[in-house]
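Undergrad: Could you work out the structure for the sequence below:
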Amino acid sequence: MSDAEELTLADGRRLAYYRFGDPDGAVVVNCHGGLVSGLDVGLSDAAARASGISIISPNRPGIGTSDRKSGHGILSWAQTDLVELVDRLGIDRFTVMGWSEGGQYALAAGYALPSRVDRVAVIAGALPLDDPSAFGELNATDRRLSGLSRRAPLLARGYFATSRILAGASPRVVARVAARTMSRVDADIVEENHQWFAQCVVDAARDAAGAVDEYAAFVAPWGFELEQVTVPVDVYQGDDDTLIPAQWARTMVSRLPSAVLHSYPGEGHFIAVTRRAEVLRGLVASV
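TA: Here you go, the predicted model:
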């Protein structure tokens, strides 16, 4: 698995990011999911190299060795940290993908930077969760953790710290525990790739307070509407996803001005693993 690189932002914070794939290839920025880190795309390193794609995968504030920015939001991250990262790396135009919670950040990048982002891919992504009806359809674990992060952050920190310790000590056990809330197809993927999954969890919860910040941002207003995202978007969704309701993908596509839905019968949330090569090829094919 790749080691993180770091840069110091203008406000003095560290931003950690990973590189995967072909360093000279077409650039795809990855927005990692929730409860994981920029390592979430690590299993796609070989596929990216084979397709001539360079993946830049930053850790958001408070994740891994990226310093916290208390109260950070989805849109503000795209307008500040992401802009500074791509500017410092000399990247003018690029595409963006985001898995699960990361889908919100990928859409924010498309909204904030339409002259630089050529295409966006949302993989099993959520609708805006400040909408009570959408929040009510969210899975029980994420509802509980988001509530805990907002109302009892110290307790939430304890949960994330315990998850980090367990993942570091017993990767296979933490994968089995996580798999209990998933469909069988997703559980098999997580258990088969337990070392990768545990690394992502350890990296995500390195700073438990940062993990709390992430959950607060997850359910906060985005700062823009889906109807305002003008760049082309591909939405990928499995219909056996127990973490993100499959019907959300259809709603998202209906609200986006330029979007295509890619559905996978019998597959679940971890199409981010099984379908990532397809996602990558789709992002660069039209650029």
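Undergrad: The nearest residue to Ala204 once chain neighbours are set aside - how many residues pack around it?
TA: Closest residue in space to Ala204, ignoring its immediate chain neighbours: Ser37 at 4.6 Å, by Cβ to Cβ, 6 or more residues apart in numbering. Heads up, the C-betas are built off the backbone N, CA and C, glycines and all. Other residues lying near Ser37 total 28 when counted by other Cβ atoms under 10 Å.
Undergrad: With Asn139 instead?
TA: 15.
Undergrad: for this protein, what spans make up the strands?
TA: Taking DSSP state E as the test, the strands found in the chain are 5-8, 14-21, 26-31, 53-58, 94-99, 117-123, 233-238, 259-264.
Undergrad: From Trp248, how far out is Glu137?
TA: Here the criterion is Cβ to Cβ, to the nearest Å. By it, Glu137 lies 8 Å from Trp248.
Undergrad: Over to Gln104?
TA: 12 Å.
Undergrad: So these two - more neighbours on which side?
TA: Neighbour count, other Cβ under 10 Å: between Gln104 and Trp248, Gln104 has more, with 26 against 21.
Undergrad: Show the model's pLDDT score for the more buried one.
TA: At Gln104, the pLDDT value in this model is 98.
Undergrad: Tell me who's in contact with it.
TA: 31, 74, 98, 125-126, 128, 218, 222 (Cβ atoms under 8 Å, 6 or more residues apart in numbering).
Undergrad: burial count for Pro265?
TA: Residues near Pro265, counting by other Cβ under 10 Å: 8.
Undergrad: got the CA positions of stretch 244-264 in PDB?
TA: As requested, the backbone C-alpha atoms of stretch 244-264 are provided in PDB (Å, rounded to 0.1, in the frame of the first residue of the first chain):
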ATOM      1  CA  ILE A 244     -26.900   3.400   0.800                       C
ATOM      2  CA  PRO A 245     -30.500   2.900  -0.500                       C
ATOM      3  CA  ALA A 246     -30.400   1.900  -4.100                       C
ATOM      4  CA  GLN A 247     -33.200   4.200  -5.000                       C
ATOM      5  CA  TRP A 248     -31.100   7.300  -4.100                       C
ATOM      6  CA  ALA A 249     -29.100   6.800  -7.200                       C
ATOM      7  CA  ARG A 250     -32.200   7.200  -9.400                       C
ATOM      8  CA  THR A 251     -33.200  10.300  -7.500                       C
ATOM      9  CA  MET A 252     -29.700  11.800  -7.800                       C
ATOM     10  CA  VAL A 253     -29.700  11.200 -11.600                       C
ATOM     11  CA  SER A 254     -33.100  12.700 -12.000                       C
ATOM     12  CA  ARG A 255     -31.900  15.900 -10.300                       C
ATOM     13  CA  LEU A 256     -28.500  16.300 -12.000                       C
ATOM     14  CA  PRO A 257     -28.500  18.300 -15.300                       C
ATOM     15  CA  SER A 258     -26.200  15.800 -17.000                       C
ATOM     16  CA  ALA A 259     -26.000  12.300 -15.500                       C
ATOM     17  CA  VAL A 260     -26.000   8.600 -16.400                       C
ATOM     18  CA  LEU A 261     -26.900   5.800 -14.000                       C
ATOM     19  CA  HIS A 262     -24.900   2.600 -14.000                       C
ATOM     20  CA  SER A 263     -26.800  -0.100 -12.100                       C
ATOM     21  CA  TYR A 264     -25.400  -3.500 -10.900                       C
END
